[in-house]
Structure formats: C-alpha cells, structure tokens
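In: Here is a sequence with its predicted model. Questions after.
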Amino acid sequence: AQTVTQSQPEMSVQEAETVTLSCTYDTSENNYYLFWYKQPPSRQMILVIRQEAYKQQNATENRFSVNFQKAAKSFSLKISDSQLGDTAMYFCAFIQGAQKLVFGQGTRLTINP
Amino acid sequence: DTGVSQDPRHKITKRGQNVTFRCDPISEHNRLYWYRQTLGQGPEFLTYFQNEAQLEKSRLLSDRFSAERPKGSFSTLEIQRTEQGDSAMYLCASSLLQNEQFFGPGTRLTVL
C-alpha cells in the first residue's frame, strides 16, 4: 500500500525565515508524482509544487523548492523568505497513474510577524 | 471564475436524513474526484470518474454513499441515512492532465 507520512504536526517560524517541511512516502512503483498542497484557513486547497519521480532535478517555484531523495523516499518542501500569507496547512501527496491522490496527515505552518 | 465549484458550502442535517452535494468541475476536465477530509487530517479518496464512468470506489464509500456524473459534466454525491460519523468536509477535484488535480472549496457537512 502507498502511504505518505508527515512527521511534523505543527511548525512556527518568524516572517522572512526559511522553513523546511518533511515528508516520506512508501511505494514499490518506479514512476509516480509527488505534490505539496497548501490549504489556508477556511480556504480551498491549492497546488504549491509538483515533482515527477523520473526527474532528478528538484522542482522550484519562486520561493518554494523541494529536496527529492528517491532512494530514501523523501520529499521535503523548503519555503524561503517566508511571508504571513504562507500560514496554512501543508499536505504532501503522492499519485501513481491517473488515480487517487494519497495525502499525508499535514503540517500546520504558522508564520509569525 | 472558471475553477471547481461546489454546492452547498455548508450543510447541517439531522441524523438519518439524506443529503446531496454537487460539484462542477473545470469545464474541459474529463476526470473528477471526491475526497473526504476530517478535522486535522489529510483528505481521503472516495471515488473518481473519467467522463461519466465511475472507475474506482474506496472502501470508505459504504452502500449509503452514491456518486454520479451524468453526461460527464457535473457530479453529485449523495449520502443516505446520515450518521454523525459522516460529519466532514467533502472535497471535489478535477483534472485534465494525468496527474494535476484542482480542488473546489468543499462542502462542510455537520450531522447532528
């Protein structure tokens, strides 16, 4: 079975700091995709960044970047120059094929002014 | 706004009543997904459609749950004889590309 584990239930940093959220997953597949989704309080889930497993290069999207370690089945998210608007629940998710996303338990990130 | 929409946004019902939720996907998306999210947890997959065909159902989807997607456009999720354990946020997502799903705002169900 495919599982996703986020070991940090909550994190808190000061504005402008860099923060890294951890995620590990378990799969026997070789081709899959990994995602980080952001869910702000009372707002809908939006995609932050995606990584194709066959790509060795880590994905980046402006202030967001990932550290993808395929052998270790690790997929962490780094947020640089954090902003108040980054406060949200962050979910790591896995998909193989055009089927269901498997989500982790989430990390509640708070950016303090 | 051409994103995924869901209706209603909130639903309060009494135990034993039936409820129906609607999801309108992004217009050109052929895949539509339903997830359930309880407080403080990540979403869990319920079912998904490709066009009008329901291709997979989770074991979470008991026989009190039914989903349809007539004509491959909007979808409905019905829960019959609701129980307090059904209280959750019900999320809909759609996709065109194989692996990128776009989520709606969700329907929050409270069963009293």
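Out: Here it is on my side, so go on.

In: Backbone dihedrals for the nearest residue to residue B:43 once chain neighbours are set aside, both of them.
Out: Closest residue to residue B:43 apart from its sequence neighbours, by C-beta to C-beta, 6 or more residues apart in numbering or on different chains: residue B:35 at 3.8 Å. For every residue, glycine as well, the C-beta is placed using N, CA and C. Dihedral angles of residue B:35 (phi, psi; degrees, to the nearest 10) stand at phi -130, psi 160.

In: what sits against residue B:35?
Out: Applying C-beta atoms under 8 Å, 6 or more residues apart in numbering or on different chains to residue B:35 gives the contacts A:101, B:43, B:44, B:45, B:46, B:90, B:91, B:92, B:93.

In: and if you look at residue A:14?
Out: A:82, A:111, A:112, A:113.

In: surely the third one meets residue A:13?
Out: Yes. Look at residue A:112 against residue A:13 with C-beta atoms under 8 Å: they come within range, at 7.0 Å.

In: more crowded one of these two?
Out: residue A:13 (16 against 11; other C-beta atoms under 10 Å in any protein chain shown).

In: The host helix or strand of the more buried one: what's the following helix or strand?
Out: Assigned by DSSP states H and E, residue A:13 belongs to strand A:10-14. Next helix or strand after strand A:10-14 toward the C-terminus (DSSP H and E): strand A:19-21.

In: Output the contacting helices and strands for the helix or strand that comes right after that following strand.
Out: Sequence-wise, the next helix or strand downstream of strand A:19-21 (DSSP H and E) is strand A:24-26. The elements that strand A:24-26 packs onto, with contact taken as 3 or more C-beta pairs under 8 Å, 6 or more residues apart in numbering or on different chains; DSSP states H and E, are strand A:3-5, strand A:74-79.

In: what comes up buried for strand A:24-26?
Out: A:24, A:25 (16 or more other C-beta atoms under 10 Å in any protein chain shown).
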